[in-house]
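**Student:** Predicted coordinates and the sequence they were generated for:
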Amino acid sequence: MRVDGFRSSLETTSEGIRFAVRLTPRGGRDGVEGWQTDSNGREYLKVRVRAAAEAGKANAALVELLAKWLDVPRACVAIMRGEKARLKIIGVRGDPKYLIAHMERDRMEKDGGKF
């Protein structure tokens, strides 16, 4: 089910939420940068990590960063599709209301953020 009033790529599932992420490895710092729209109109969460895209290091850093950002254990965050691509589908297990509220709270805390 899509979440009204949020981003079109964010969906609730029976286990939690699912959304698209565009990962930039060797991005100079670890951070969630906000929602972006690609040339086809698809929305994704832009994330960068310091780790290189070799031997799964960037993916591991992504999972760790998103777990911290959403305040959930790392075991609750999984790359569902796109392990070797920049555009990934992420699944997060947990209460969708809590997870979405946490995303929304983070968006409110960012002055001028794109969330």
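**Tutor:** Sure, I can see it. Numbers count the residues shown, from 1 in each chain.
**Student:** only C-alpha atoms for contact and neighbour calcs from this point on.
**Tutor:** Fine.
**Student:** helix, strand or coil for residue 39?
**Tutor:** coil (DSSP: H, G, I helix; E, B strand; the rest coil).
**Student:** List the neighbours of the strand or helix carrying residue 45 that are in contact with it.
**Tutor:** According to DSSP states H and E, residue 45 maps onto strand 43-48. Outside of strand 43-48, the residues within contact range by C-alpha atoms under 8 Å, 6 or more residues apart in numbering are 7-9, 19-38, 62.
**Student:** Ok, stretch 72-88 next?
**Tutor:** Among residues not part of stretch 72-88, those counted as contacts by C-alpha under 8 Å, 6+ apart are 20-24, 59, 63-64, 66-68, 89-94.
**Student:** Can you select the buried ones from these in ChimeraX?
**Tutor:** Only the buried members of those end up in this ChimeraX selection, burial being decided by 16 or more other C-alpha atoms under 10 Å:
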select :20,21,22,23,24,59,63,64,66,67,89,90,91,92,93,94
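**Student:** Could I get the contacting residues of residue 20?
**Tutor:** So residue 20 contacts 9, 10, 43, 44, 45, 87, 88, 89, 90 (C-alpha under 8 Å, 6+ apart).
**Student:** where's the fifth one relative to residue 55, distance?
**Tutor:** So that's residue 45. Plainly put, residue 45 is 23 Å away from residue 55 if you go by C-alpha to C-alpha, to the nearest Å.
**Student:** Tell me, how many residues neighbour residue 28?
**Tutor:** 11 (other C-alpha atoms under 10 Å).
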